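Asks: Sharing a model prediction with you, sequence too.
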Amino acid sequence: MKRILVTGGAGFLGSHLCERLLNGGHEVISLDNYFTGMKRNIVHLMDNPYFEVIRHDVTMPFFIEVDQIYNLACPASPIHYQYNPIKTVKTSVMGAINMLGLAKRIKAKILQASTSEVYGDPLVHPQKEDYWGHVNPIGKRSCYDEGKRVAETLYMSYHEQNNVRIKIARIFNTYGPNMHPNDGRVVSNFIVQALKGEDITIYGDGNQTRSFQYVDDLIEGFVRLMDTREEFIGPVNLGNPGEFTILELAEKVLELTDSQSKLIFRPLPEDDPMQRQPDITLAKKELGWEPKIPLEKGLVKTISYFDQLLKEL
Ligand code: NAD
Ligand code: UDP
């Protein structure tokens, strides 16, 4: 049994990770400031005596004795991370410094939730870990993209200078239950709109692509990455190579929800990447991992979550 800190533990991914680690027989501490997270996501875990919940902001130092840290705290949806760009940079950068400082002091192993956004609007397709990316350093997405890039720099520096044991996961678009109904990301937006019979908002012409990964696959990848051999630190892509246009996603959601919603077209947000697909050769080799849940199956599970959630609201 290990004691494990999950920052962002009340968020979409964090809540699934807390549950998975508790089920694995570990003691888990969720740390969150509830900016985009919900207590609803973890309330079912609160009866477990091995689960602790702490309200804290990662931009402030924090001390605890743990064996492992998963650093997930950071808003992930463009509308939320662009709401207060300065705070987003602070969360990524100061959050990384605080958590790496903690890991150094207590000799914990630490995993960073990095992102495919480090590749920006990629000129190389599919994206491999050795691609340096194509990021606008002063655009609307830069608070997130550059914040996450500096975080990777900090992880590598703490590893090289201070021998901190690190793992860096570059996560591609992930979806599933526990996403916030107002999250603003495409899968949750389309499902909520379809279930409510509202118009489906396609940004741009809908020909941009994303590769969508179901949350359970990612969580399996996280846990495997944390357990890889000491010398393997990443960065490693964790994503589902199945690539779809946004229009294809909209059509699938309409079909699976049996919704009469209409597609409407809205301007494409600034610097919105045109394509994204992970090359997961490295994850296959080092983690013995690949996603198992195809888009349609994952969407069905996610639709049933939102269907229930909307009835509660
Ligand atoms: P989310 O917004 O649901 O979860 C983020 C959590 O962090 C929330 O609970 C939020 O309240 C918390 N948080 C935000 N700022 C904080 C702060 N300063 N101090 C403490 N807690 C704070 O998003 P998610 O999809 O679960 O993403 C989790 C992590 O994974 C993020 O770091 C994100 O960048 C990364 N990621 C996610 C995806 C994805 O597709 N879901 C893709 C790439 C990277
Ligand atoms: N998108 C869309 N309609 C929405 C929300 C998003 O067409 O209601 C598009 C968005 O412009 C982008 C893609 O879907 O091209 C994925 O957006 P999301 O915010 O989910 O993630 P990211 O852009 O960070 O990959």
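Replies: Received it, and whenever you're ready, just let me know what you need. Ligands and ions are numbered 1, 2, ... in the order given.

Asks: use CA for all of it now, contacts and neighbours both
Replies: Will do.

Asks: so who does Tyr158 touch?
Replies: Counting by CA atoms under 8 Å, 6 or more residues apart in numbering, Tyr158 makes contact with 100, 104, 164.

Asks: The last one and ligand 1: what is the separation?
Replies: So the one you mean is Val164. Distance, Val164 to ligand 1, by CA to the nearest ligand atom, to the nearest Å: 20 Å.

Asks: Just give the nearest non-adjacent residue to Lys90, would you?
Replies: Leaving aside its sequence neighbours, Lys90 sits nearest to Thr59 (CA to CA, 6 or more residues apart in numbering; 6.3 Å).

Asks: Contacts only, for the one you found.
Replies: Contacts of Thr59 (CA under 8 Å, 6+ apart): 90-91, 94-95, 98.

Asks: Can you tell me the element it falls in?
Replies: Taking DSSP states H and E as the definition, Thr59 sits outside all helices and strands.

Asks: Quickly note the distance from it to Val89.
Replies: Distance check for Thr59 against Val89: by CA to CA, to the nearest Å, it reads 10 Å.

Asks: The residue located most distally from the centre of the chain: what secondary structure?
Replies: Centroid-distance maximum for the chain: Gln260 at 30.5 Å, with CA atoms, centre = their mean. Secondary structure for Gln260, judged by DSSP: H, G, I helix; E, B strand; the rest coil, is coil.

Asks: That one reaches Asp199, doesn't it?
Replies: No. With contact defined as CA atoms under 8 Å, Gln260 does not reach Asp199; the gap is 9.0 Å.

Asks: where do the helices sit along the stretch 51-200 of the chain?
Replies: For the stretch 51-200 of the chain, the helices defined by DSSP state H, counting those that start in this stretch occupy 78-81, 85-106, 142-162, 186-196.

Asks: Which strands and helices lie in contact with the second one?
Replies: When you say that, I think you mean helix 85-106. If you count contacts as 3 or more CA pairs under 8 Å, 6 or more residues apart in numbering; DSSP states H and E, helix 85-106 packs onto strand 68-71, strand 109-115, helix 142-162.
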